[in-house]
Structures are given as C-alpha cells and as structure tokens.
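Q: prediction below, plus the sequence it came from.
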Amino acid sequence: MTIAFKAASQQKSRIVLIAPTLAGCHQGVQLWDGLHPLELWTRADTLTTVEAAVETATDLVIQGYSGSLAPVVANCWGRATQLVFFLPVGAVVRLIAPLLQHKAQDPGVVAIDDTGQFVVSVSGGHQGGADALTRQCAALLGAEPVITSASAGQQLPALDLLGLPYGWQRGAGDWTEVAAALTQQRPIVVYQTCGGHLWRQLLSADAPFHFLDQETASTEAGLELSPKLWISDQLPPEQSSEKSLQVCWHPRTLWLGLGCERGTSAELIETSMEQVLRDRNLAWSSIAGIASIDLKQDEVAFQTLAEQYQWPLRCFSAAQLAALAVPNPSDVVAQAVGTPSVAEAAALLSAQSQELLVTKQVFKSDQGACTVAVARATQAYNARPGHLYLIGSGPGSLAQLTAAARTALLDCDVVIGYGLYLELLRPLFHPNQVIETSKITQEVQRAERAVTLAQQGLTVGMVSSGDCGIYGMGGLVLECLAQGGWDGQTPGVSVLPGITALQAVAARVGAPLMHDFCAISLSDLLTPWQVIENRLEAAAQGDFVVALYNPRSQTRTQGIKIALEILGRHRSPDTPVAIARSLYRSGESVHCLTLATVDVTTIDMLTVVLIGNSRTFLHQDHMITPRGYQVSTTSKVKPG
C-alpha cells in the first residue's frame, strides 16, 4: 500500500504578541520559545531597548509601530489564530470590539497584565483557543490563569472542542444554545453510532448526559425536546420542533473506493461521491479518505480532491485488490488492470472491513466515467500524528514541577499514570482532558495504553514521579515503541525531565552529591537479587555516595539490612546517612543519622536512603561531601 497524498496535520497556531511596554516585551520574550509566535509588536521608541536586551536571540521577530495601536491590531486580526496582549483587559476590549464578528472565525484573545501575575482569556475561549493559550502562558510565566467560561467553571468539557483530539469534524448545530443548556444542567441526549468512547471519561458521574440509540430515543419520556449531541457518520434527522436543539460531530469512518477512466474530471467524481453519500444519508464530513489501485496514483482528479479536502489517498496493488472477495467483480476490469475489483476492494482494504456500506455505483457523463464504493472503518481516521510526552513530575510538590512539564501536561488530551502521582497533579488538569489512573504494578499496561492512544493521533502524557528516565516509565514506553517498529517520527516523543528523589533528598540535607555517586534500586521484582548485591559491593568498594531506591516494602524487608551491611564493611559506622520520606509532600520527614544508628523499620517504599562516602561529614544537620577543593581557614564563620 502506498499513500500518494498525505493529509496535512492540524494547522499550526499563528500567535501574535502585542506588547506596547518594555515590561510586556520582556514577558513576550520569555514566552517566545514556548509559544513560537509569528511576531511581537511594540512601540517604536521601545524597540531599540528591547532589541539591545535580546540581541543574542536571533529567531525573535520584533516589529515596531508609531501612533495608534488600533491599525496594528486590525492588521494582525486576519493573520493570527490567537492574539496575546500585554495590556489591561479594558484596553484590550476597546481595541478588539470593532473587529469581532463570530466566535467560529475570530482569533482567540488573551490579556496579560504588565506585572505578569494574571493571564486572562478575553474572547474566543473554545474555538479560538484562548482558554488553552491562557493556561499555556500562565504555566510558562508562573502566573495565575483566569478563565471565566461557564463550562470551565463547572469543570464540564467544552462540547465544541469534544471531537477535535479524535479527528472528528464539527458539524452544524446550535452550539451556543446547547452549551448553555449543559451549564444549566439540562439533560443532553447523546446518539453515538461510531467513533470511540474515550471522551465519555471526561464526564463526572452526575453529568446530565443520557446515552440513547436512535431506535429507542423517541420512546424516552421527557427527553423529546432535550438538546441532542449527535455523533455519527450519518446525518442527523430533521428536528421536529423549533425548540429542539442539536449539535453534531462526525467521526471520519467512511473510506470511499474509487475507479475511473483516465482523465475523468474531478467535478464528476466529486458530484458522484456526493450523490452516493446523500442517497444513504451519510455525512460528507465523515469521509476518512479515498482509495484506488496504484495505477491511479497519479490520476489528476484523485490528486486534486485529496489535496482540496486534505484526504489521504491510499493506493493498492492489483494483487492486494484481487485477493478480496467483492459483491461485483468484473472480468472487463480484471483484463484491464489485473484485478476484478478496484472501487469495492480498495474501500474494504482502506477501512479494514469485511463488508461494504455501499456497493459499487457507476457514473458516466461527457466528463468521463467513475465508480464509487463505501466501507466503514471501526477505528475513525485521525489526521493528527499523535504525540507522547514522557513527563517527570518531580518529588510531588507543584512548586518543584518544571515550567516545561506544566506546559506539556496542559497540551495533553490524555494523561496516564499511577493514581497517587496524578492526584498530586490534579490542580493542573482541565475539563477537556481524560485522566487515566492505574495501580503501581500495572506499568506495562500503562505504557502499552499510552502508545496505543498516541498511535491513534492523541497527545498523551505519561507521568512518572521524579524523573521519567530514572526508574520511571520513560524507558518502558520507548521499549514498547521499539518493539512495535516505531520509525522514530510518528508518534512524536518529547521527554520532560524532573527532579528525581536523590536530588530532592540532597537538596533537603545539604550537598552530599558533590563527588561521584550512584543510585541502586533494592527491588528484586525485575532484577535478580544477586545482581543487586554485586552492584552494592562494587559501589561500596568504589567509595560512591549511594542512593537506595525502593528500599523496603511489606514483603521485602531483608534487602535494606543486607545493603547496609555490605556498605558497612567498607565505611565507618559514623558515615552520614539521610533517611527521607515523602519529600515535598504532606507528611515529609528528613533525618540525618549515621550508618550505625539507622533503624530499618522506619524505612518504606516512600523513603529514599542516601549513604555518604568515606569523606562525607555532618555539620549542623547538613550533610556535606567534599569535592576536593582546598578551603582556606579565612572562610571560617566568625562568631557574632
């Protein structure tokens, strides 16, 4: 199978920053690497100062203006998908008011105060992307996001964004009215005939959604006039009452197999496709792509339609097509191209289906001749390439989470992790994210789930405590990708480092890692105990500072005793030892002891044990490992 035309991925945001003041410019520069905007506008008299301050940043595009800001805003309005103003909200409202037309086409607008404390979603919160951009800017600046949409306030998913992660197409409907009904807790009737059900995990147990099928819906008492959410590759029925509201999402499940005479016009093929779908009440927006024989890979009409509608064009060899049994094989076609079926077989292969939704239909005119067949895929097509964020969440406190990790979390459609770790991050999640938790022994299942969802086009965050690449999920996810023949490109992978436990305990007790150190896990679930003992012996002989992870569980009680005995054979009984539990979380405890005074019964799986080397010493409850510098006696602290 080949793909002659690859559908473009989601259109990239075109963000413009507008910062009249010097303080605003500095904040804009701070956002630059995270947002990748088109340009930053500032006053001409500020421009020189800004350029001098950021002369080493060669990728910045800074424009100056004189006089009124209104013409600049008007110029940017039609080019940008989002505008970020470093101005008071009132000033922003006055600037954009004459330009506002409709929320479906206006850019999203965000306002940031001059001190960088608050980021406000002003307009275009959902479809304009202002709410998401507000969260992103706030994460990058360490500011407070201010989002006032009713759905966000009630922790409800935004209906007009619901299908975007899955590649669904937004159809017609009374979007504003149905969204208002949802925030008023009115019942929303859902008809879903295709597309995945993952989005349902966004809903709380008391969300006012009623899931019905088309056949039984009319008999449901009291719901006839309720607002309806239609999710289907079929067109919705006409509403029987003006009071009845409805919105539509169309999953892209329909693969259209095409055959044609050489040189047939794109117009004939397009109108033929429209007629086939219209006669079966199928939605044009649900077309996943078109398919044919590889001899037609260069057919101008196919190329034209694929490019116009951003459809993939999948082409198969005659042998692949001939291997399928179809309802309407043709000896004439077989003699011409080597397979008795093109349209029907291509539709089935593309949809990975055994049954046609529409058998071959033939159309002829003075513009040529074509055949059209339709098959429905179980898995909806998603043009997004998918992305995996491997996120280290640090020791637990949100204050210790990096800005890059915060931004990545906000970008995720799905966040996956061990329940305890995700609970610590819960204040950062927003209502349009699916949060999947699992038990601590289900690491492989988590990794496979993350890879599967990313391969379906979703942006997935895999969260590990500490650093994802240090006893975390990063390596396991990459192993799963490698085992599946990953090409290194799709899905994309970004690794976001975090503060790991040995760094956290070191920071709490002083500077114990100033010389060579190592980390050893005492869990023998995945590593034979003899291998662990060998590593402990080598670390002890090498005089490393040693951090012990997973030191003691309810069933593994002897490992920590053996580890301390091995280290004790090579270290003085007075060697400093730090015992740290639940660092940067509620219930934190940190104790500096000596090798001879460690009580192993106080150690559990939430504990990290840090043992100094032969030169490590304690001073005023600070654990210090000398680097080897010669410290002058004049550096002594004088009393008083």
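A: Nice, thanks for sending it over. What you are looking at is a predicted structure, and each value in this text was computed from that prediction instead of being measured.
Q: all contacts plus neighbour counts: C-alpha atoms, from now on.
A: Fine.
Q: what about residue 533, distance to residue 561?
A: Distance, residue 533 to residue 561, by CA to CA, to the nearest Å: 12 Å.
Q: sorry, slip of the keys, the one I care about is residue 454.
A: From residue 454 to residue 561 the distance is 43 Å (CA to CA).
Q: which one of these two has more residues nearby?
A: Neighbours were counted for residue 454 and for residue 561 using other CA atoms under 10 Å; residue 454 has more, 25 against 15.
Q: what lines up beside the helix or strand harbouring residue 463 in the sheet?
A: According to DSSP states H and E, residue 463 maps onto strand 459-464. Strand pairing for strand 459-464, determined by DSSP bridges: strand 387-392 (parallel), strand 414-418 (parallel).
Q: who does residue 624 bridge with?
A: The partner residues for residue 624, given DSSP bridges, come to residue 511, residue 617.
Q: begin at 732 from now on, thanks
A: Got it, first residue is 732 now, which makes that one residue 1355.
Q: still on that earlier bit, alpha carbons of the strand holding residue 1194, as CSV, please.
A: What follows is strand 1190-1195 as a C-alpha-only set of coordinates in CSV (Å, rounded to 0.1, in the frame of the first residue of the first chain):
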residue,chain,number,x,y,z
THR,A,1190,-1.5,13.7,22.6
VAL,A,1191,-0.7,11.6,25.6
GLY,A,1192,1.2,12.4,28.8
MET,A,1193,2.8,9.5,30.6
VAL,A,1194,3.6,10.7,34.2
SER,A,1195,6.4,9.3,36.4
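Q: give the next helix or strand downstream of that strand.
A: helix 1205-1214.
Q: so what's the model's average confidence on that following helix?
A: Averaged over helix 1205-1214, pLDDT sits at 96.
Q: ok now the very next helix or strand once past that helix, how far from the chain's centre?
A: Next helix or strand after helix 1205-1214 toward the C-terminus (DSSP H and E): strand 1223-1227. Relative to its chain's centre, strand 1223-1227 lies at 10 Å (CA atoms, centre = their mean, to the nearest Å).
Q: what residues sit buried inside strand 1223-1227?
A: Within strand 1223-1227, the residues that count as buried by 16 or more other CA atoms under 10 Å are 1223, 1224, 1226, 1227.
Q: which among the residues you listed gets closest to residue 1196?
A: residue 1227 (11.6 Å; CA to CA).
Q: how much space separates that closest one from residue 1206?
A: Distance from residue 1227 to residue 1206, by CA to CA: 13 Å.
Q: what do these two both touch?
A: residue 1199 (CA atoms under 8 Å, 6 or more residues apart in numbering).
Q: how about the helices of the stretch 882-1031 of the chain, start to end?
A: Listed in chain order, the helices of the stretch 882-1031 of the chain (DSSP state H, counting those that start in this stretch) span 906-914, 945-948, 997-1010, 1031-1040.
Q: quick one: buried residues of the third one?
A: If I follow you right, that is helix 997-1010. Buried, per 16+ other CA under 10 Å, within helix 997-1010: 997, 999, 1000, 1003, 1004, 1007, 1008.
Q: closest one to residue 867 out of those, please.
A: Looking across those and measuring by CA to CA, the closest to residue 867 is residue 1008, at 40.7 Å.
Q: so for stretch 1163-1178, what gets flagged as buried?
A: 1163, 1164, 1165, 1166, 1167, 1168, 1174, 1177, 1178.
Q: over to stretch 983-995?
A: By 16+ other CA under 10 Å, the buried positions in stretch 983-995 come out as 983, 984, 985, 986, 987, 988, 989, 990, 991, 995.
Q: end to end on that stretch, go ahead and measure it.
A: Stretch 983-995: ends 26 Å apart by CA to CA.
Q: then stretch 1296-1316?
A: Stretch 1296-1316: ends 30 Å apart by CA to CA.
Q: how about stretch 1151-1167?
A: 12 Å.
Q: give me the residues contacting it.
A: 883, 886-889, 893, 929-930, 932-933, 1124, 1127-1129, 1137, 1140-1141, 1143-1148, 1168, 1194-1196.
Q: got the domain ranges for this protein?
A: 733-879, 890-981, 985-1107, 1118-1230, 1233-1355 (automatic domain parsing).
Q: how about TSV for those domains, with distance to residue 1362 added?
A: Below are those laid out as TSV (distance: least, CA to CA, whole Å):
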stretch	distance to residue 1362
domain 733-879	37
domain 890-981	58
domain 985-1107	68
domain 1118-1230	30
domain 1233-1355	13
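Q: about what we covered before: possible to save the buried residues of strand 1223-1227 as CSV with pLDDT and distance to residue 1281?
A: As requested, these are exported to CSV (pLDDT from 0 to 100; distance: CA to CA, whole Å):
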residue, pLDDT, distance to residue 1281
1223, 97, 31
1224, 97, 28
1226, 97, 23
1227, 96, 23
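Q: ok, so of those residues, who is nearest residue 771?
A: residue 1227 (27.2 Å).
Q: and that closest one, bridged to which residues?
A: Bridge pairing for residue 1227 - DSSP bridges - gives residue 1122.
Q: so it sits against residue 1137, correct?
A: No - in this structure, residue 1227 is not within contact of residue 1137 by CA atoms under 8 Å, at 9.6 Å.
Q: give me the pLDDT for residue 1273.
A: 97.
Q: how near is it to residue 1187?
A: Residue 1273 is 48 Å from residue 1187, by CA to CA.
Q: which one's more surrounded, the two?
A: Taking other CA under 10 Å, residue 1273 and residue 1187 do not tie; residue 1187 has more neighbours (21 against 13).
Q: just checking, that one touches residue 1119?
A: No - applying CA under 8 Å as the test, residue 1187 and residue 1119 come out as separate, 11.4 Å apart.
Q: list the contacts of the strand holding residue 1194.
A: 896, 1117-1124, 1139-1140, 1142-1149, 1152-1153, 1178, 1181, 1184-1185, 1203-1205.
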